[in-house]
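Novice: dropping the sequence and predicted coords here.
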Amino acid sequence: MGRLARAGPALGSAALTGAVRLLLVPRWRGRTGADSDPAAPARWEVVTVDRPPEQVLPDGRWPEPLRRLDGAVEVRVRAAPGDRGTELAARPLAGATPPAGLAAHLVGDDPGLLVRRTLRQVKQRVEAGEVLRADRSALDRPEVHG
Amino acid sequence: MRALCWVAADELAVREVPDPELRNERDVIVRVRRSATCGGDLPLLAGRDPLLRTGDVLGAEFLGEVVEVGPGVRRHRTGDRVVVGTSVACGGCWYCRQGLHSCCDNAHADPASVDPDWGRSDAGCFGRPRAAGGFAGGHAEYVRVPYADVGAFRVPDAVDDDRALFAADAAPTGWLAAELGAVRPGDVVAIWGAGAVGQLTARAAVLRGASRVLVVDRHEDRLRMAERHSGAEPLDYRRTDVAAELRDRSGGRGPDVCVVAVGAPPPDRFGGRSADRPDARREAVHACRKGGVVVVLGAADGFVDAFPLGTVTDRRLTLRGARRPDLRDVPMLLDRMARDELCTEHLATHRLPLEHGPQGYELFRDRADGCVRAVFTP
């Protein structure tokens, strides 16, 4: 496990003094644990953000909305190969108590989904400046006439 | 506002729906002046997409006037006449920065939910169900355009609406096909499908210097249109041995570039496979010269059996594909339209008020009455 993984939502300036530090994080295996073993660590969810690490985690802090998962997930960060920015990974912490309101999402049929959504929102915020919202479906709005 | 909505398989209706609203800072709202049918709509029309819902507004290709601007928009102001690229793309991800807008990472409102392979969502698309981002289409009076600085383009005064409309999708798709095929001066190019995209692929190949462009179809009116407006040689596959003709007209080598632009498969409500589409692909692979390029366009079926992979390896072919175009070529294509190098208005064979949208789609789906594209005016 990389040294940043246990650093929590505030990674600290020492942990993010630059990409050199991030490169010290070892390459993780693609798969830890097995679906059939409930005690096995959850799968890492990974997203590549096309910006340098210091923009993905400014001041060494977990960006929103990742911060709200504090205490429920562990996070890894490293520079992506080929100057493709930053690889940001997270997975639910085994045995952790999820924050109120997130428990069901983190233990449901696909506990990785909330983590994936959160990482994608971080990516959208950093790369596009905002989290994209869908149009409201006509069915969601009562004015529709048949 | 009024909009053309999907109701059920093979059933569309113009309905009153709520006006769109600014949902993000980089959005604009466009008052639609023209919208066109698209081959990619036909599987939706047939009810073949499980994520389509009653009330979804169709329409991937449209043009209009900006009437509302989000606070994060820099390049547009109210009153701008814009054509809107069919792909929704953020402009800031790695793919967009490479010019691959159709692969944008950030143009889906919930990519994680439709992304079982994780990390493989495509760009969004207007007028598609939630699987394509969740954005209503342009067959309506108004439409919301996310990331408007990236995907909406001011139309030069010299280009009228009827021509500029096709800069949204059909023209950039045709240009992309020629680019993927790396068409060079002197090349022989064969194109299967003489619809709007096939014809504009032919025109793109001519503009890139191809010495001979051949278009294969079975609709006489489309073939004549391709001949007249693109300078292509028509091949009616009902009356011609296509493979032999292509060999003969390329000095026995085969075309340098073969493009399959046959559009979406015909509606099939019984679960069977449409035999003609894979045949077009097989024919293209078999026809192509050694070391040539085969480009497959459009919303392909998930799997095609009996694909001639051995021919691809034996002849050292390059196989490339694209489902929808990027945005980078739209300004260049508008400039060509302004110089009359690229004319597209003839593709709008049927101009109808939006209220006649269902009939327009019937004509388009059935290729009836010589319909290449139906264009609607709200």
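Specialist: Perfect, I can see it now. Residues are numbered from 1 along each chain as shown, chains lettered A, B, ... in the order given.
Novice: which of the helices and strands in chain A ranks last by mean pLDDT?
Specialist: The helix or strand of chain A with the poorest confidence is helix A:19-23; it has a mean of 35 (mean pLDDT, DSSP states H and E).
Novice: what sits up against the very next helix or strand once past it?
Specialist: Counting by DSSP states H and E, the next helix or strand C-terminal to helix A:19-23 is strand A:45-49. Applying Cβ atoms under 8 Å, 6 or more residues apart in numbering or on different chains, the contact partners of strand A:45-49 are A:56, A:80, A:84-91, A:112, A:115-116, A:119-120, A:122-123, A:126-127, B:94, B:118-119. The C-beta positions use only the backbone N, C-alpha and C, and glycine is treated the same way.
Novice: and the residues you listed, which are buried?
Specialist: Buried members of the contacts of strand A:45-49, counted by 16 or more other Cβ atoms under 10 Å in any protein chain shown: A:56, A:80, A:85-91, A:112, A:115-116, A:119-120, A:122-123, A:126-127, B:94, B:118.
Novice: just those residues: which are in strands?
Specialist: Using DSSP state E, A:86-91 are the members of those that sit in strands.
Novice: of those residues, closest to residue B:74?
Specialist: Comparing those against residue B:74 with Cβ to Cβ places residue A:86 closest, at 25.9 Å.
Novice: which non-adjacent residue is nearest residue B:224?
Specialist: residue B:234 (6.9 Å; Cβ to Cβ, 6 or more residues apart in numbering or on different chains).
Novice: is the one you found in a helix, a strand, or coil?
Specialist: Here residue B:234 is recorded as strand under DSSP: H, G, I helix; E, B strand; the rest coil.
Novice: among the ones in strands among the buried ones among the contacts of strand A:45-49, show me the least confident.
Specialist: The lowest pLDDT within these belongs to residue A:91, with 92.
Novice: if I look at it, how far off is residue B:29?
Specialist: As judged by Cβ to Cβ, to the nearest Å, residue A:91 and residue B:29 stand 40 Å apart.
Novice: then residue B:20?
Specialist: Relative to residue B:29, residue B:20 is positioned 6 Å away (criterion: Cβ to Cβ).
Novice: report the set of residues contacting both of these two.
Specialist: Residues within reach of residue B:20 and of residue B:29 at once, by Cβ under 8 Å, 6+ apart, are B:142-144.
Novice: give me the residue from chain A nearest chain B.
Specialist: residue A:134 (3.0 Å; Cβ to the nearest Cβ).
Novice: wait, a strand at that residue?
Specialist: No - counting by three-state DSSP, residue A:134 is not found in a strand; it is coil.
Novice: find the nearest non-adjacent residue to it, please.
Specialist: Closest to residue A:134 by Cβ to Cβ, 6+ apart is residue B:134, at 3.0 Å.
Novice: hang on, that neighbour packs against residue B:23?
Specialist: No - Residue B:134 is beyond contact range of residue B:23, at 10.1 Å (criterion: Cβ atoms under 8 Å).
Novice: give me the number of residues near residue B:1?
Specialist: As a burial measure, residue B:1 scores 16 neighbours (other Cβ atoms under 10 Å in any protein chain shown).
Novice: residues in contact with it?
Specialist: If you count contacts by Cβ under 8 Å, 6+ apart, residue B:1 has them with B:16-19, B:140-142.
Novice: per-residue pLDDT, residue B:193?
Specialist: 96.
Novice: Three-state assignment for residue B:72, please.
Specialist: Classified using three-state DSSP, residue B:72 is coil.
Novice: next, count neighbours for it.
Specialist: Using other Cβ under 10 Å, residue B:72 has 16 neighbouring residues.
Novice: just residue B:328 next, same as before
Specialist: Neighbour count for residue B:328, taken as other Cβ under 10 Å: 17.
Novice: and for residue B:332?
Specialist: Applying other Cβ under 10 Å, we find 14 residues neighbouring residue B:332.
Novice: what score does it have for pLDDT?
Specialist: Confidence at residue B:332, expressed as pLDDT, is 98.
Novice: give me the contacts around the strand or helix carrying it.
Specialist: For residue B:332, the host element (DSSP H and E) is helix B:330-338. For helix B:330-338, contacts defined as Cβ under 8 Å, 6+ apart pick out B:83, B:85, B:153, B:155-156, B:158-159, B:163-164, B:167-168, B:171-172, B:175, B:207, B:342-344.
Novice: what mean pLDDT would you report for the longest helix along chain A?
Specialist: Using DSSP state H, we find that the single longest helix of chain A is helix A:112-128. Averaged over helix A:112-128, pLDDT sits at 92.
Novice: just checking, what packs against that helix?
Specialist: For helix A:112-128, the packing partners by 3 or more Cβ pairs under 8 Å, 6 or more residues apart in numbering or on different chains; DSSP states H and E come out as strand A:45-49, helix A:53-56, strand A:86-92, helix A:103-107.
Novice: was I right to think residue B:100 contacts residue B:324?
Specialist: No - the pair residue B:100 / residue B:324 is not scored as a contact, 11.3 Å apart, by Cβ under 8 Å.
Novice: who has more neighbours out of the two?
Specialist: Using other Cβ under 10 Å, the more surrounded residue of residue B:100 and residue B:324 is residue B:324, with 24 against 18.
Novice: how much space separates that one from chain A?
Specialist: 18 Å (Cβ to the nearest Cβ, to the nearest Å).
Novice: where does the residue lying closest to that residue once chain neighbours are set aside fall, phi/psi-wise?
Specialist: Nearest residue to residue B:324 in three dimensions, chain neighbours excluded: residue B:102, at 5.1 Å (Cβ to Cβ, 6+ apart). Geometry field for residue B:102 lists phi and psi as phi -70, psi -10, criterion degrees, to the nearest 10.
Novice: what sits against residue B:102?
Specialist: For residue B:102, the contacting residues are B:87, B:89, B:122-123, B:322-326, by Cβ under 8 Å, 6+ apart.
Novice: now do residue A:133
Specialist: Counting by Cβ under 8 Å, 6+ apart, residue A:133 touches B:23-24, B:109.
Novice: so for it, what's the pLDDT?
Specialist: The model's pLDDT for residue A:133 equals 94.
Novice: so where is the chain shaky, pLDDT-wise?
Specialist: Assuming you mean chain A. Chain A contains residues with pLDDT under 70 at A:1-39, A:95-109, A:138-146.
Novice: not quite, I wanted chain B
Specialist: Judged by pLDDT under 70, chain B has its weakly predicted residues at B:113-120, B:264-278, B:299-303.
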